[in-house]
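Undergrad: Here's a sequence, model it:
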Amino acid sequence: MKVVVIGGVAGGATAAARIRRLDEKAEITVFERSGFISYANCGLPYYIGGTIEEESNLTLQTPESFFSRFRVNMKVHHEVTEINPYEKNVTVKNLESGKIFTEKYDKLILSPGARPVIPNFPGIDIDKIFTLRTVEDTLKIKDYLNKSNPKSAVVIGGGFIGIEVAENLKKSGIDVTVIEAADQLMAPFDTDMVPFIHSEMRKNGIKLMLGQTVESFSSSDGAIDVNLKENISIHADMAVMAIGVTPENTLAKAAGIKLGIKGSIVVNEKMETSIPDIYAVGDAVQIKHFVTDSETLISLAGPANKQARIAADNICGGNSRYTGAQGSSVIKIFDITAASTGINEKTAKALGIKTDKVILSPMSHASYYPGGSVMTLKVIFEKESYRILGAQIIGFDGVDKRIDVIATAIRAKMKGYELTELDLAYAPPYSSAKDPVNMAGYIIENIKTGIIKQWYYDDESDLEHDGSVTLLDVRTPFEYSRGHIEGFINIPVDSLRERIGELDKSKPVYVICQSGLRSYIACRILTGNGFDCCNFAGGFRLYSAIRNDKSLNKKATPCGMDV
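TA: Okay, here's the model as predicted:
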């Protein structure tokens, strides 16, 4: 059996290695147009910032080492220019010699990945504008930093790559501005969670320009002007385009392979395309979202590797099937970690899914053990069914393991209240006897059984301040004095029973504390005494983060500085 693989990074290299493990006699050839194979895309920004010091550490294998171990012919600097499905061959150009030849195949795997979105802006070809997708891109940026010693940079795009590039440029001593067309960074996160990301970026000196759109670039005094709408320009020594990627579908389209959303390659559960004996994997393919069952694109290394393994299994006579992805991801942003899985509220609303949510601020491990830190955990679930739809966590230690637990719960199609049943490891340095994931489950269970009702940040503007409801802050007087919501009276939770006579039992009570725990206790006291009580999800810590973020976003001047 002769197998040709187009693309030698995550999906292509994984598929080739898996085929070899299943079939020692197969003839396997991989064509990769860049000079590197099996490299770690996700590590590229950290080479720019110096965290990864050696260029060799960016590549997991070389063509020589791959051949030595797997006897796979890795042809770098070879670009496939045409697929001929009826003759079952591909046309290949050797980019070093210019030689063009054809290669026969019995089975073909497309793993072309995705290419950076580069709008046709005036001035887009200025040599001080960079993208980051390949090792060559990384080396080009690093070489520019070393030779030109830039003092300022503009990063256009506030997704994973944009944020990681911004952080690593900042760590290289460069003044960085991030421009994002949306009103927030990191689209997977909801508006009530992303303020913690914005705050961390600003705290580390990154200027944010949200809701701003680039229109053109121009050279200026040996540097570059990034020109925005409303005649706003930012002068910088370099710019990095990171506004997203689009499926690389050139070969598939020309070959007549069926395409889907955004030009992605349509595949079935076995990773087969519409043309027999041609498979496709990775960032270029359209897949099913595990939570919504809708068609989607998910450009992450984990799904690409799984798809590659499944395609290889089926090429070798197996019957493996891909059941979809849910977009589980994690990112380091200076000192914090932000992670998500499943869908957020915005996506659920667009799909017409009725949702509820819990937001809590637990410690990463037992509070009495030194070194604990607060995380903010949000779980979104479907009303009535309580099916878990997604989760977002932002904090320091332990964020990644909690998101992985919830991602597994989603895959197991657990109900939100069933998180209480998970038997999770506990020791004081690592967790609490009631793990944050369990705590989320307890709150959902309380909602299900009617023990607690919640109100949220978006409800604050609808609260009546005419005396028809009671607005109650149950923190300490000192906490209250440092900041509170206008119109809220202060009765500490530990004094509530003695002062309950100060409250009108005929009025609904909306309660808030710092994290949501004391206000929950207050609600139980009030409910037990005949009051109608509603607890603020996330506490004043969350409320103030959202409020401050909105204020800073409004005050941002064209140069990104706060006034």
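Undergrad: Could you give the average pLDDT over the longest helix seen in the chain?
TA: Longest helix in the chain by number of residues (criterion: DSSP state H): helix 539-555. Averaging pLDDT along helix 539-555 gives 90.
Undergrad: Show me which positions of that helix end up buried.
TA: For helix 539-555, a neighbour-count test (16 or more other Cβ atoms under 10 Å) marks Gly539, Phe540, Leu542, Tyr543, Ser544, Ala545, Ile546, Arg547, Asp549, Leu552, Asn553 as buried. All C-beta atoms are positioned from the backbone trio N, CA, C, and that covers glycine.
Undergrad: What lies in contact with it?
TA: Outside helix 539-555, the residues within contact range by Cβ atoms under 8 Å, 6 or more residues apart in numbering are 183, 191-192, 194-196, 198-199, 202, 208, 210-211, 359, 361, 374, 376, 457, 460, 473, 475, 479, 483-485, 512-517, 519, 536, 562-563.
Undergrad: Poorly predicted segments of this protein, please.
TA: 555-563 (pLDDT under 70).
Undergrad: redo that, cut-off 90
TA: 9-10, 35-44, 52-63, 133-135, 220-222, 229-232, 367, 458-467, 551-563 (pLDDT under 90).
Undergrad: Next, please give the residue ranges for the strands of the stretch 351-500 of the chain.
TA: Remark: strands assigned in the stretch 351-500 of the chain by DSSP state E, counting those that start in this stretch are 355-360, 376-382, 388-395, 454-455, 470-473, 489-490.
Undergrad: so which of the ones you listed gets nearest Pro436?
TA: The closest of the strands of the stretch 351-500 of the chain to Pro436 is strand 376-382. By Cβ to Cβ, the value is 5.4 Å.
Undergrad: quick one: strands adjacent to that closest one?
TA: Strand pairing for strand 376-382, using DSSP bridges, gives strand 355-360 (antiparallel), strand 388-395 (antiparallel).
Undergrad: Need the winner for burial among the strands of the stretch 351-500 of the chain.
TA: Comparing the strands of the stretch 351-500 of the chain by mean neighbour count (mean count of other Cβ atoms under 10 Å), strand 388-395 ranks first with a mean of 27.
Undergrad: hang on, the earlier thing: now the strands paired with strand 376-382 in TSV, with distance to Ser233?
TA: Converted to TSV, those look like this (distance: least, Cβ to Cβ, whole Å):
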stretch	distance to Ser233
strand 355-360	39
strand 388-395	33
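Undergrad: Quick one: closest of the ones you listed to Glu103.
TA: Of all these, the one in closest proximity to Glu103, counting by Cβ to Cβ, is strand 388-395 (43.5 Å).
Undergrad: chain center to the closest one, what's the gap?
TA: 11 Å (Cα atoms, centre = their mean, to the nearest Å).
Undergrad: Stretch 21-39 now?
TA: 29 Å.
Undergrad: Restricting to C-alpha, output it in CSV.
TA: What follows is stretch 21-39, C-alpha atoms only, in CSV (Å, rounded to 0.1, in the frame of the first residue of the first chain):
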residue,chain,number,x,y,z
ARG,A,21,2.8,1.2,13.6
LEU,A,22,-0.2,-0.6,12.1
ASP,A,23,1.5,-1.6,8.8
GLU,A,24,5.2,-2.3,8.7
LYS,A,25,5.0,-2.9,4.9
ALA,A,26,3.3,0.3,3.8
GLU,A,27,5.2,2.8,1.7
ILE,A,28,4.6,6.2,3.3
THR,A,29,5.7,9.6,1.8
VAL,A,30,5.0,12.9,3.4
PHE,A,31,5.3,16.2,1.5
GLU,A,32,5.9,19.3,3.5
ARG,A,33,6.4,22.7,1.8
SER,A,34,8.2,24.3,4.8
GLY,A,35,11.6,23.2,6.0
PHE,A,36,10.4,21.7,9.2
ILE,A,37,8.2,18.8,10.2
SER,A,38,6.4,17.8,13.4
TYR,A,39,7.0,21.1,15.0
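Undergrad: Next, the buried residues of it.
TA: So for stretch 21-39, counting by 16+ other Cβ under 10 Å, buried means 23, 26, 28-39.
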